[in-house]
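Asker: Just to be clear, the model below is a prediction. Sequence and coordinates:
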Amino acid sequence: MRRLIYVLIGLVIVGGVVAVGAYALLVATSGDGRASEEISAPELAAQESSTVYRIVPEESEVRFSINEVLRGEPFTAVGITNDVAGDIAVNAESPQDSEIGIIRINARTLETDSSQRNRALRSFILRSAEDAFEFAEFQPTTIEGLPETVTVGEPFIFQIVGDLSVAGTSKSVTFDTTATLEEGQLMGQATATVLYPDFNLTIPSAPFVASVEEEVLLEIDFVAQAVAEVGV
């Protein structure tokens, strides 16, 4: 009996050491969530009769929301970052000739309500701690439903179709978008719903989490300022 007790104590000690080692490895591989560089995206060249508006990160926000069952209760996990960049060229005289450049997001800086979830995002789910997957990008291919005219101060609704690249996988995604043109400024919101398995993402099992839905709501609230010329 005494020998059995010693064996059990040894197993507990070994298990504790393994758990501590696994936690240390998780912390080491997830990094601290700091961006490797200031966020930026390829700039658009202003065409005749168009004005380029550049997203202001400090006044913009990107979010993801996913529903799960946490400790037996419904819960919505939300990740947020303002590390987003991109150019939008608006032709107020002929809105159909407007353009949207690549929208780049630093996935490494996404923050949720849980430091453990943040580490899991960076290490296992989005793998954004790795330099190759630090950024997610949306490459617009078509803009649908633009109005014939745009009036300053009045919102207009349209859809942006493009390729969303996350952790090395790209899928076509459509964002429903509302935008408002103001004096020297463009603001709005774009939303889309995707399935995380479509991007080959895996969510590891975690204590107290019974289930996680496959649908993920993506949202971008943006404020973009007019730039005088390319390179500004």
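Answerer: Looks like it arrived, so ask away.
Asker: Only C-alpha atoms from now on, for both contacts and neighbour counts.
Answerer: Fine.
Asker: I'd say residue 40 and residue 106 touch.
Answerer: No - with contacts counted by Cα atoms under 8 Å, residue 40 stays clear of residue 106, the gap being 9.5 Å.
Asker: quick one: contacts for the closest residue to residue 133 other than its chain neighbours?
Answerer: In space, and not counting its chain neighbours, residue 133 is closest to residue 167: 5.0 Å by Cα to Cα, 6 or more residues apart in numbering. By Cα atoms under 8 Å, 6 or more residues apart in numbering, the contact set of residue 167 is 126-128, 132-134, 136, 199, 201.
Asker: if we go to 10 Å?
Answerer: Listed by Cα atoms under 10 Å, 6 or more residues apart in numbering, the contact set of residue 167 reads 107, 125-128, 130, 132-137, 199-201.
Asker: same thing with residue 49?
Answerer: When the contact criterion is Cα under 10 Å, 6+ apart, the partners of residue 49 are 89-94, 97-98.
Asker: rewinding a little: could you pull up phi and psi at the residue nearest to residue 133?
Answerer: Here is the backbone geometry of residue 167 (degrees, to the nearest 10): phi 50, psi 40.
Asker: Could I get the pLDDT score of it?
Answerer: pLDDT for residue 167: 97.
Asker: what does the one 4 residues further on give?
Answerer: In the prediction, the pLDDT value recorded for residue 171 is 98.
Asker: So it sits against residue 136, correct?
Answerer: No - with contact defined as Cα atoms under 10 Å, residue 171 does not count as touching residue 136 (11.8 Å).
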